[in-house]
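Asker: Mind folding the following:
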Amino acid sequence: MDSPTVTQRDQLMVEMKVAEIYHLFASLPHHAQTLMLELQRDNHVEYLTKGLKQLGPNYAVLDANRPWLCYWILHSIALLGDFIDCNLENDAVDFLNRCQDANGGYAGGPAQLPHLATTYAAVNSLITLGGEKALSSINREKMHGFLLRMKDPSGGFRMHDAGEMDVRACYTAISVASVLDILDYDLVQNVGNYILSCQTYEGGIAGEPGSEAHGGYTFCGLATMILINEVERLDLPSLLEWVVFRQGVECGFQGRINKLVDGCYSFWQGGVCALMQRLHSVVVGQLHAKEQRTVENTDSLQTPNSSDAEKVPGASSTDGGGMPITDSVLKLSDIGFSFIKEQIELDPLFQSIALQQYILLCSQVQDGGFRDKPGKQRDHYHTCYCLSGLSVSQHCWSKNVDCSPLPKAIFGPYSNLLERTHPLFNIVLDRYHEAHDFFSGQ
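Answerer: Below you'll find the model as predicted:
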């Protein structure tokens, strides 16, 4: 018998650790199970607030990611339904203002170069803080210029001046432009073509053409295509098939095929499922179209591209940039707002209760914070995306955006219920609405 590979040994080790936790949980009396399932809100808020005030020397390696630390912490606190005091809020706004470049965009720290990833983190942080001071501190005119400078003729975006170009850059640029109400045709042109070139034979979306499908990039690519109103160009049935099979025996999600489960993919993959749940009618339409083409004995079942727009449902021609002419009068920045308002007619497309089980029993650290998997250390990144995934899992049972999920949709006590996050931007919903009203009024 052949010896197991390193990957197989690692997978077996994770499965054993997770199984031990689940077996322990199953052996406990009901009251002890309830305690084990309880979301440790106070401990999480204490851990997060402490990180916002001061971080230890080990965090020096994240000096160019400081707006991300702000976002991970602030968004987590907002999901927990808590707030920071006024002094911390003012300090956060002032710090992020010092990261804002004079020519637009936000850097990873004061006096550093502006970068699309930290721009997304800074904007989401300021929206999460909310209020006149935070929202008005964003220079939208300079921001638009910065985003245009990062735009590549191919349709992609570069992360920074002369930097790498990938799907993550497309998402951060389009997300920021959408939420700030500065999204226009110049920014959108050919973006859909670039994203389409990154969808792989697996069904998921890679970081760049020719790479492997990945959960984070799949979320970024799908969300971008929704925000630019070109999602029907993707092969959605194959994307759905790829993502639902990323939920493993541990009940959490993996990021790629044959990789280990990781708590952060609770949002990256769970969020994709939440978006796909709202695209159900488009998926069904594409399946019917494929069946019809099979009946008609067509030559291929390829994903539509900009040269065969007649295959795109609802669009008979395009304007050369991949956008349906019929959508040219649509205000692009309102797509995120209208998308979340639509009523859901479909049950969750993944095992949402099982995912909550993994997050609460395997990723939650009782002293505060969340981790990748058993045996790993807690950190602010995994805390943010485990909580975001938990929110998505709870609220994907709500048929209407204004409704709270039923107790059966929540694993553990009802007190575990988190604030709802917008599945396209990953901003708590009421903070998103405040920002939408503020920027659309300008």
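
Asker: mind listing the strands for the stretch 251-400 of the chain?
Answerer: Per DSSP state E, counting those that start in this stretch, the stretch 251-400 of the chain carries strands over the ranges 370-371, 378-379.

Asker: Report the contact partners of Ala78.
Answerer: Thr128, Glu419, Val428, Arg431 (Cβ atoms under 8 Å, 6 or more residues apart in numbering). For glycine as for every other residue, the C-beta is placed from the backbone atoms N, C-alpha and C.

Asker: what secondary structure does the second one sit in?
Answerer: It stands for Glu419. For Glu419, the assignment made with DSSP: H, G, I helix; E, B strand; the rest coil gives coil.

Asker: hang on, it packs against Val392?
Answerer: No: between Glu419 and Val392 there is no contact under Cβ atoms under 8 Å: 11.5 Å.

Asker: returning to what we had before: winner for burial among the strands of the stretch 251-400 of the chain?
Answerer: Stretch with highest mean neighbour count among the strands of the stretch 251-400 of the chain: strand 370-371 (a mean of 25; mean count of other Cβ atoms under 10 Å).

Asker: Touching that strand from outside, list them.
Answerer: For strand 370-371, the external contacting residues (Cβ under 8 Å, 6+ apart) are 44, 263, 359, 363-365, 377-379, 382-383, 386-387.

Asker: and those residues, which are buried?
Answerer: His44, Gly263, Ile359, Ser363, Gln364, Val365, Arg378, Asp379, His382, Thr383, Cys386, Leu387 (16 or more other Cβ atoms under 10 Å).

Asker: Identify the bridge partners of the fifth one.
Answerer: Note on Gln364: beta-bridge partners by DSSP bridges are Phe370.

Asker: so who does it touch?
Answerer: Residues in contact with Gln364 (Cβ under 8 Å, 6+ apart) are Leu39, Gln40, Phe370, Cys386.

Asker: With adjacent residues omitted, what lies nearest to the last one?
Answerer: Meaning Cys386. Closest residue in space to Cys386, ignoring its immediate chain neighbours: Phe370 at 3.8 Å, by Cβ to Cβ, 6 or more residues apart in numbering.

Asker: Roughly how far does the one you found sit from Lys376?
Answerer: Phe370 sits at a distance of 10 Å from Lys376 (criterion: Cβ to Cβ, to the nearest Å).

Asker: hey, what's in contact with both of those two?
Answerer: His382.

Asker: who's in contact with stretch 40-47?
Answerer: Contacts for stretch 40-47 (Cβ under 8 Å, 6+ apart): 76-77, 80, 82, 364, 366-370, 378, 383, 387, 415.

Asker: For that stretch, give the mean pLDDT please.
Answerer: The average pLDDT within stretch 40-47 is 98.

Asker: next one: stretch 285-294
Answerer: Mean pLDDT, stretch 285-294: 84.

Asker: now stretch 187-204
Answerer: Average pLDDT, stretch 187-204: 98.

Asker: Please spell out which residues along it are buried.
Answerer: 187-200, 202-204.

Asker: Identify the residue spatially nearest to Pro241, adjacent ones excluded.
Answerer: Actually, residue 241 is Glu rather than Pro. Gly203 (5.5 Å).

Asker: if we can go back for a sec, of Glu419 and Val392, which one has the most company?
Answerer: More crowded of Glu419 and Val392, by other Cβ atoms under 10 Å: Val392, with 28 against 18.

Asker: show me the contacts for that one.
Answerer: Ser266, Phe267, Gly270, Gly271, Cys273, Ala274, Thr421, Pro423.

Asker: repeat for Trp72
Answerer: Contact analysis of Trp72 by Cβ under 8 Å, 6+ apart lists His380, Tyr381, Thr383, Cys384.

Asker: any idea how far the residue nearest to Cys386 lies from Gly270?
Answerer: 14 Å.

Asker: Could you do Cys386 as well?
Answerer: 10 Å.

Asker: And Lys341, by the same measure?
Answerer: 21 Å.

Asker: Ala223 now?
Answerer: Ala223 is 13 Å from Gly270, where distance means Cβ to Cβ.

Asker: One more: Val179?
Answerer: For Val179, the distance to Gly270 - Cβ to Cβ - is 21 Å.
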